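>>> Here is the input, now give the coordinates:
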Amino acid sequence: MPRRVTPEDGRPRPATIRDVAERAGVSVATVSRILSGTYPSAPTTRSKVMRAVRELDYVANAHARGLAGVRPQNVAIVVNSVISPHYAHVAQGVQDQAVREGRLCIVGTTGGDPERELATIQLMREQHAEAVILVGNIVADEAYRERMADYARALAAAGSRLVLCGRPPLGPDVPAIVVEYDNTGGAHAVTSHLLSAGHKRILFLGRRTGYTTPESRIAGYRAALAAHRVPHDPGLEVDGTMERREGYRMMRERLDSGPRDFTAVFAGNDLIAAGAREALRERGLRIPDDVSMVGFDDLPPAADIDLTTVHVPHEELGRTAVRLALESESTGSAQHVLLGTHIVVRDSVRPNLEEPSAAAV
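Below you'll find the predicted structure:
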């Protein structure tokens, strides 16, 4: 079996199209046609070629043919959606820093699908992006971490960097940069703000087991309850996603279930808060006169609805991700940065003057 030559620095030589052809037992022209999809081929031949591609971890150099080996200067950002304010503001930070660094910015969206995310990372790798920046909430199960760690190592071997932005680390031996913000600390602080105003029955909207962002926020909520010696009631935690319509649904269903048993609401993000506020208003309940409310993110529509919330440095997250990725190219170092969050106090919280049982809808 042919083996790839290892250069003096100990790093394996990337597989070439000729290596793939030799492994599959076909010509270089056949490999090229199959990979480009420009020529019909027998299923058995295609199967042999694709198996060789996987075994050799071959990455087609889409630029080499046209640019004679000149490495493109770009960074890639991969987000769930470009419509969400959270992702849009982080992407703007990436774009701003990329311009300062003289790089182009490539944007990919996944719709929250882990398989699509992994496929997008592979595409960005084929485009030889200097950094691939993954943003936001995920299901961080063991299978996902293992596959992502493989991609981080493959990117590093190709001279690129994987950056996890707003996500937890993959492990100490994985060559990925992590740029996080203090989700748990921010949630602890804003819950303590409600508790200090006398609220003990605080409804949490947006619990989502297994997802990193809501789990970090609910951890801060529970820790604040414990610190203030307020019993934790799992019945005050409502499952839902981080969308405005979900905020409306969660609050409406809660109000429909019986007398109101809470005096305050911690919405998992500002969009949830806006939806929940609409459901409260339909029942004639006012914020903050009847129900106090806080959110998280400090993005539209927080200021518009005068919402006390947790400020997240979204654009700084993006700028830091690009800066660290490009700085680490020469050192190969993995870094972990935690950016701070803080409360923005507006007019959505009032001192609690009554028990929730006396405030039935």
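>>> So for Pro43, what's the pLDDT?
Listed pLDDT for Pro43 reads 81.
>>> repeat for Met242
93.
>>> same question, Ser357
In this prediction, Ser357 carries a pLDDT score of 53.
>>> Over to Glu55?
pLDDT, Glu55: 85.
>>> Check the gap between it and Asn183 for me.
The spacing between Glu55 and Asn183, counted by C-beta to C-beta, to the nearest Å, is 40 Å. Heads up, the C-betas are built off the backbone N, CA and C, glycines and all.
>>> Compare these two (neighbour count), which wins?
Taking other C-beta atoms under 10 Å, Glu55 and Asn183 do not tie; Asn183 has more neighbours (24 against 14).
>>> show me the contacts for Gly275.
Contacts for Gly275 (C-beta atoms under 8 Å, 6 or more residues apart in numbering) come out as 243-251.
>>> Now do the contacts for Ser81.
87, 109, 111-112.
>>> where along the stretch 1-150 of the chain do the strands fall?
Using DSSP state E, counting those that start in this stretch, the strands of the stretch 1-150 of the chain run over 74-79, 104-109, 131-135.
>>> Now mean neighbour count and mean pLDDT too, for those strands, in TSV please.
As requested, those are exported to TSV (neighbours: other C-beta atoms under 10 Å; pLDDT from 0 to 100):
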stretch	mean neighbour count	mean pLDDT
strand 74-79	25	95
strand 104-109	17	93
strand 131-135	27	95
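>>> Distance to Tyr221 added to the ones you listed, as TSV?
Putting the strands of the stretch 1-150 of the chain into TSV (distance: least, C-beta to C-beta, whole Å) gives the following:
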stretch	distance to Tyr221
strand 74-79	26
strand 104-109	30
strand 131-135	23
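>>> hmm, back to that, in ChimeraX, how would I select the buried members of the contacts of Gly275?
Buried members of the contacts of Gly275, defined by 16 or more other C-beta atoms under 10 Å, are picked up in ChimeraX with:
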select :244,246,247,248,249,250,251
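>>> Quickly name whichever of the contacts of Gly275 is closest to Arg201.
Nearest to Arg201 among the contacts of Gly275, counting by C-beta to C-beta, is Met251 at 14.7 Å.
>>> which residues touch that closest one?
Per C-beta under 8 Å, 6+ apart, neighbours of Met251: 205, 265, 275-276, 279-280.
>>> do the same with Glu130
Glu130 sits next to 73-75, 103, 159-161, 325-326, 329 when contact means C-beta under 8 Å, 6+ apart.
>>> mind running it again at 10 Å?
By C-beta atoms under 10 Å, 6 or more residues apart in numbering, the contact list for Glu130 reads 71-76, 98, 101, 103, 155, 158-161, 322, 325-326, 329.
>>> Mind jotting down where the helices sit in the stretch 201-350 of the chain?
212-227, 244-256, 270-282, 314-327 (DSSP state H, counting those that start in this stretch).
>>> now the longest one, how far from the centre of its chain.
From the chain centre to the centre of helix 212-227 is a distance of 18 Å (C-alpha atoms, centre = their mean, to the nearest Å).
>>> Mind giving me the packing neighbours of it?
strand 176-181, helix 183-196, strand 202-207, strand 237-239, strand 264-267 (3 or more C-beta pairs under 10 Å, 6 or more residues apart in numbering; DSSP states H and E).
>>> from these, which stretch is densest packed?
Most buried of the helices and strands packed on helix 212-227 by mean neighbour count (mean count of other C-beta atoms under 10 Å) is strand 264-267; its value is a mean of 29.
>>> what's that one packed up against?
For strand 264-267, the packing partners by 3+ C-beta pairs under 10 Å, 6+ apart come out as helix 183-196, strand 202-207, helix 212-227, helix 244-256, helix 270-282, strand 292-294.
>>> Please name whichever of those is nearest to Gly171.
helix 212-227 (14.7 Å).
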